[in-house]
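In: dropping a prediction and its sequence here:
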Amino acid sequence: MDCPFCKIANGDIPADICYEDDKVVAFADLNPQAPIHKLIIPRQHISSLNDLTSADNALMGHLIHSAQQLADQLGIATDGYRLLLNCNAGGGQTVFHLHVHLLGGRQMRWPPG
Ligand code: AMP
Ligand code: ZN
């Protein structure tokens, strides 16, 4: 499968990895939108939020918990940060391997564009 995030998870293309375990990988976004901008992905290929089933509940819980831990390690937990998932073209998704954006290090605005 020609999926860039599967390739990062498998070590086939380089990324600035900041956390990994047997279920998830986190790395720096190539085009950062904030001083801290990481992506947290499941190793398992799931194309989008629309493809989740109840079988993925534990995995998604672990993904969010990993993002929370990473925010703490990066020193942005107290100030605050944003976790974001885009779904399909209308939601702004451009890479079709589910990922959580972790954005921080500046004031976030609402609504997002
Ligand atoms: P989304 O628009 O939610 O699908 O987000 C995809 C994100 O992946 C964008 O913020 C891109 O900058 C980022 N991105 C795409 N390719 C790579 C890559 N090879 N390494 C790191 N980040 C990437
Ligand atoms: Zn993939």
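Out: Here it is on my side, so go on. Numbering: from 1, shown residues only. Ligands and ions are numbered 1, 2, ... in the order given.
In: every contact and neighbour count from this point should use C-alpha atoms.
Out: Will do.
In: which residues are in contact with the host helix or strand of residue 69?
Out: For residue 69, the enclosing helix or strand under DSSP states H and E is helix 57-73. The contact list for helix 57-73, computed with C-alpha atoms under 8 Å, 6 or more residues apart in numbering, reads 19, 23-24, 40-42, 77-78, 81, 83, 100, 102.
In: same question for stretch 37-44.
Out: Taking C-alpha under 8 Å, 6+ apart as the rule, stretch 37-44 contacts 5-6, 9, 22-29, 59, 63, 66-67, 97-104.
In: pull out the buried residues from that stretch.
Out: 37-43 (16 or more other C-alpha atoms under 10 Å).
In: reformat the residues you listed as a markdown table; add secondary structure, distance to ligand 1 and pLDDT.
Out: Below are the buried residues of stretch 37-44 laid out as a markdown table (DSSP: H, G, I helix; E, B strand; the rest coil; distance: C-alpha to the nearest ligand atom, whole Å; pLDDT from 0 to 100):
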| residue | secondary structure | distance to ligand 1 | pLDDT |
| --- | --- | --- | --- |
| 37 | strand | 8 | 98 |
| 38 | strand | 8 | 99 |
| 39 | strand | 7 | 99 |
| 40 | strand | 10 | 99 |
| 41 | strand | 10 | 99 |
| 42 | strand | 14 | 98 |
| 43 | coil | 14 | 98 |
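In: now render those as a markdown table, adding distance to residue 90.
Out: Formatted as a markdown table, these follow (distance: C-alpha to C-alpha, whole Å):
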| residue | distance to residue 90 |
| --- | --- |
| 37 | 22 |
| 38 | 22 |
| 39 | 20 |
| 40 | 21 |
| 41 | 20 |
| 42 | 22 |
| 43 | 25 |
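In: re earlier: give the next helix or strand downstream of the helix holding residue 69.
Out: Going down the chain from helix 57-73, the next helix or strand is strand 81-84, by DSSP H and E.
In: show me what counts as buried in that next one.
Out: Buried-residue list, strand 81-84, by 16+ other C-alpha under 10 Å: 81-83.
In: do stretch 72-83 as well
Out: 76-77, 81-83.
In: show me which residues of this protein sit near ligand 1.
Out: Within the chain, the positions adjacent to ligand 1 are 4, 15, 28-31, 86, 92-95 by C-alpha under 6 Å from any ligand atom.
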